[in-house]
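Chemist: Task: produce atomic coordinates for the following.
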Amino acid sequence: MRSMGGERVTEAVAGAVELLRTAADRDWEARAGRLEWSCRRTAEHMAGALLRYAGGLAGRAETRLPLTFGLAEDAGNDAALDLLRTTGALLVAAIRATPREVRAFHPFPFHSANREGFAAMGVTEVLLHTHDIAEGLGLAYEPPAELCAYALTRIFPQVRPGPDHWRTLLWATGRGDLPGRAPVTEWHWYNNLVIPTERLTLEGVTPAAAGDLSAGGDGGFSWIEGGPFEGTREAAGMLVKAYEAGVHRPEWGVFVLVRREDGRAVGSMGFHGAPDEEGRAEVGYDLVEGARGHGYATEALRSLAAWALARDDVGTLFATIERANTPSQGVITRAGFTRVSEDEETYAYALHR
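Modeler: Down below sits the predicted model:
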């Protein structure tokens, strides 16, 4: 799956500038749609967000950049569009210059994002605020469906997809209605969760990456020879089904195990769904054959288990392993799980808080 983040930002900004340029001679002090801001202030905000994303990503920021700026009072509306085009280009340059595994600060929800996350946030800012300005200026605006799907499948994994990607994005951000769904009054996006270990990074898989993995692609990861393995593709397929059903919770999905030393993916690990009412969650894992025997699965499972059991909604993790799979039994035992039951085909293991 080739990263198209820069191309998507370029497309979103170009579409916004092309449309809004047709109304540059109108009064941009008009209110921007449902926002409290004027159209001019909204354009400034949009450009400011792109600049913060570009600066944060380029500088590997660890905290929010305190960047504020605005247009000169005597600057015309064309200047606002030039500013948007320029800050969009800066974000595109930062995305293209940043390695896939690099992350920079973003406050919600897990305090960081990678280049694809920043690209999706930039696209979303442009699409939504162009919509707001267009409403204020009396313009019709509908971006390409592919742009909307790009944002939805990367930073809105908790939103059940609908037949119309643009209407779904508007509904998910409190800007429209969808039949059969309650109005949205509060919303946020989800950048993927990462969990570090000594030698690995567990990188949360987005619906976009899961769809590619389940279809035979690489999910945007650079795999060692022989990967991804069959179990990873099956887990990705389960994630896609949960996403399409609207029951996917991103922190309880699939994580790809990426080696810190070379950025290569060696396997996957994750949950079979969110914890049940009793606080029980099932785990599973899968390593490429060439990565086995190095302790990667044990190391990753210890960190994933520690993260999960530190939460208030989890009391027990469990796994079922085939009797013949002695290597996997060794992994789960070394990670602290104990055997709690068995049947003719499998052993069951559990780890309590």
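Chemist: and the closest residue in space to Arg199 that isn't next to it in sequence, what is it in contact with?
Modeler: Nearest in space to Arg199, with sequence neighbours left out and distances taken as C-beta to C-beta, 6 or more residues apart in numbering, is Arg260 at 5.8 Å. C-betas here are computed from N, CA, C, even on glycine. Arg260 makes contact with Arg199, Leu200, Thr201 under the criterion C-beta atoms under 8 Å, 6 or more residues apart in numbering.
Chemist: In the stretch 201-350 of the chain, what residue spans correspond to strands?
Modeler: Here the stretch 201-350 of the chain has its strands, by DSSP state E, counting those that start in this stretch, at 222-223, 254-259, 264-271, 280-287, 316-322, 338-342, 346-352.
Chemist: Next, format those as CSV and append distance to Ala32 and mean pLDDT.
Modeler: Formatted as CSV, these follow (distance: least, C-beta to C-beta, whole Å; pLDDT from 0 to 100):
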stretch, distance to Ala32, mean pLDDT
strand 222-223, 42, 97
strand 254-259, 38, 98
strand 264-271, 40, 98
strand 280-287, 43, 97
strand 316-322, 47, 97
strand 338-342, 58, 97
strand 346-352, 51, 98
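Chemist: Among those strands, which comes closest to His45?
Modeler: Smallest distance to His45 across those (C-beta to C-beta): 33.8 Å, for strand 254-259.
Chemist: Report the angle between that closest one and strand 264-271.
Modeler: Our comparison of strand 254-259 with strand 264-271, counting by axes from the mean of the first three to the mean of the last three C-alpha atoms, to 10 degrees, yields an angle of 150 degrees.
Chemist: and strand 254-259, what other elements does it pack with?
Modeler: Counting by 3 or more C-beta pairs under 8 Å, 6 or more residues apart in numbering; DSSP states H and E, the packing neighbours recorded for strand 254-259 are strand 200-204, helix 230-245, strand 264-271, helix 296-309.
Chemist: Point out the most buried one among those.
Modeler: Most buried of the helices and strands packed on strand 254-259, by mean neighbour count (mean count of other C-beta atoms under 10 Å): strand 264-271, with a mean of 25.
Chemist: who does that strand touch, helix- and strand-wise?
Modeler: Contacts defined by 3+ C-beta pairs under 8 Å, 6+ apart place strand 264-271 against strand 222-223, helix 230-245, strand 254-259, strand 280-287, helix 296-309.
Chemist: Parallel or antiparallel, list what pairs with the first one.
Modeler: Think strand 222-223. Sheet pairing of strand 222-223 (DSSP bridges) gives strand 264-271 (parallel).
Chemist: The partner strand vs strand 316-322, what angle?
Modeler: Going by the same axes, to 10 degrees, strand 264-271 makes 110 degrees with strand 316-322.
Chemist: Show residues contacting strand 264-271.
Modeler: Against strand 264-271 from outside (C-beta under 8 Å, 6+ apart): 200, 202, 205, 221-224, 227-229, 231-232, 235-236, 252-259, 281-288, 290-291, 296-297, 300-301, 304, 308.
Chemist: Same list (the strands of the stretch 201-350 of the chain) but as CSV, adding distance to Val194.
Modeler: Shown next, in CSV, are the strands of the stretch 201-350 of the chain (distance: least, C-beta to C-beta, whole Å):
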stretch, distance to Val194
strand 222-223, 16
strand 254-259, 8
strand 264-271, 13
strand 280-287, 17
strand 316-322, 19
strand 338-342, 28
strand 346-352, 22
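Chemist: Out of the ones you listed, which gets nearest to Leu35?
Modeler: Nearest to Leu35, of those and by C-beta to C-beta, is strand 254-259 at 36.4 Å.
Chemist: Note down every partner strand of that closest one and its orientation.
Modeler: Using DSSP bridges, the strands paired with strand 254-259 are strand 200-204 (antiparallel), strand 264-271 (antiparallel).
Chemist: CSV for those strands, including distance to Asp25?
Modeler: Listed next are the strands paired with strand 254-259 as CSV, based on distance: least, C-beta to C-beta, whole Å:
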stretch, distance to Asp25
strand 200-204, 46
strand 264-271, 52
